[in-house]
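**Student:** Sequence first, predicted coordinates after that:
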Amino acid sequence: QVHLVQSGGGLVQPGGSLRLSCAASGFTFSRYTMRWHRQAPGKERELVALIANTGSSIMYADSVKGRFTISRNNANNTVYLQMRSLKPEDTAVYYCVAARVGEAAYWGQGTQVTVSV
């Protein structure tokens, strides 16, 4: 059974940092591209960052470039999103996603990130 278990969200002040983790099980993690999406209240879900299965290719949304870092550890089946210089507009529910061409994607349960004074 596939599981993507997220952790690390919470409340942080503007300018602060958080690290999200997503621990995967039930599938061959090293074969999947991993993505982080987010959805803010009243807005559409957006892709924040992705990392190829080997880590050789990484992409970021323009809104987070230079502030967020995606990484993965294929030895322990975990993907991370390090978030720095957080802004109130980063407030959203963040989801990790495992994707592979030709297959349905797997989604994590979501974790709330709130950036507020």
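**Tutor:** Noted; the coordinates are in hand.
**Student:** gap between residue 71 and residue 21?
**Tutor:** To residue 21, residue 71 is 10 Å away according to CB to CB, to the nearest Å. Using the backbone N, CA and C atoms, a C-beta is placed for each residue, glycine as well.
**Student:** Name the residues contacting each of those two.
**Tutor:** Common contacts of residue 71 and residue 21 (CB atoms under 8 Å, 6 or more residues apart in numbering): 79, 80.
**Student:** Once you drop chain neighbours, what's closest to residue 5?
**Tutor:** Spatial nearest neighbour of residue 5, chain neighbours left out: residue 23 (4.8 Å); criterion: CB to CB, 6 or more residues apart in numbering.
**Student:** Follow the chain on from the helix or strand hosting the one you found and name the next helix or strand.
**Tutor:** Here residue 23, judged by DSSP states H and E, is contained in strand 18-25. On the C-terminal side of strand 18-25, the closest following helix or strand by DSSP H and E is strand 33-39.
**Student:** Sort out which residues of that next one are buried, please.
**Tutor:** Residues of strand 33-39 classed as buried under the neighbour-count rule (16 or more other CB atoms under 10 Å) are 33, 34, 35, 36, 37, 38.
**Student:** which among those gets closest to residue 77?
**Tutor:** residue 34 (10.0 Å; CB to CB).
**Student:** Tell me what that closest one is bridged to.
**Tutor:** Beta bridges link residue 34 to residue 51, residue 98, judged by DSSP bridges.
**Student:** In contact with it, which residues are there?
**Tutor:** By CB under 8 Å, 6+ apart, the contact set of residue 34 is 22, 50, 51, 53, 70, 72, 79, 96, 97, 98, 99.
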